[in-house]
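>>> Quick check, what structure comes out for this input:
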Amino acid sequence: MKIRLKFEDRELTAVLNDSQSAREFLALLPLTITLEDYAGTEKISYLASRLSTSGAPRGSDPAVGDIAYYAPWGNLAIFYRDAGYASGLVILGKLDDVQRISVDGSLNVTIERMD
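Okay, here's the model as predicted:
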């Protein structure tokens, strides 16, 4: 399941995994959100509805480029730096090129399915 993230003059692609959470996220697309910087590690945005965590591990240790859902807060997270294990973090997929999203400040992003 491939998706495209469009912002400013950039375009990134990502591949989602085949989890229940990722399928529910895919069903929300297209989606235009504002990604805010969080802890100098990730870009986050709250989703309009919560995703299921059925069948997901209790937590994850995200890697650079991971797209994840943080169930306790109901937000999408895109990691541009390494972070430690977080309970309630569900990995949804992986960006193809994380360097292009590791910019200061917030980003208005449109996320859509790729056919």
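>>> And the nearest residue to Pro57 once chain neighbours are set aside, how close does it get to Asp9?
Leaving out its chain neighbours, the residue that sits closest to Pro57 by CB to CB, 6 or more residues apart in numbering is Val90, at 7.6 Å. Every residue, glycine included, has its C-beta placed from N, CA and C. Val90 sits 31 Å away from Asp9, going by CB to CB, to the nearest Å.
>>> Nearest to the spatial middle of the chain, which residue is it?
For the chain, the residue lying nearest the average C-alpha position, counting by CA atoms, centre = their mean, turns out to be Ile67 (3.2 Å).
>>> Counting by contacts, list what the helix or strand where it lies packs against.
Assignment of secondary structure by DSSP states H and E places Ile67 within strand 66-70. For strand 66-70, the helices and strands in contact under the criterion 3 or more CB pairs under 8 Å, 6 or more residues apart in numbering; DSSP states H and E are strand 75-79, strand 89-95.
>>> can we see that at 10 Å?
When contacts are defined as 3 or more CB pairs under 10 Å, 6 or more residues apart in numbering; DSSP states H and E, strand 66-70 packs onto strand 10-16, helix 20-27, strand 42-46, strand 59-60, strand 75-79, strand 86-87, strand 89-95.
>>> shouldn't Asn75 be in contact with Tyr38?
Yes: using CB atoms under 10 Å, Asn75 and Tyr38 qualify as a contacting pair, with a distance of 8.6 Å.
>>> Just give me the neighbour total for Pro30.
The number of residues packed around Pro30, counting by other CB atoms under 10 Å, is 11.
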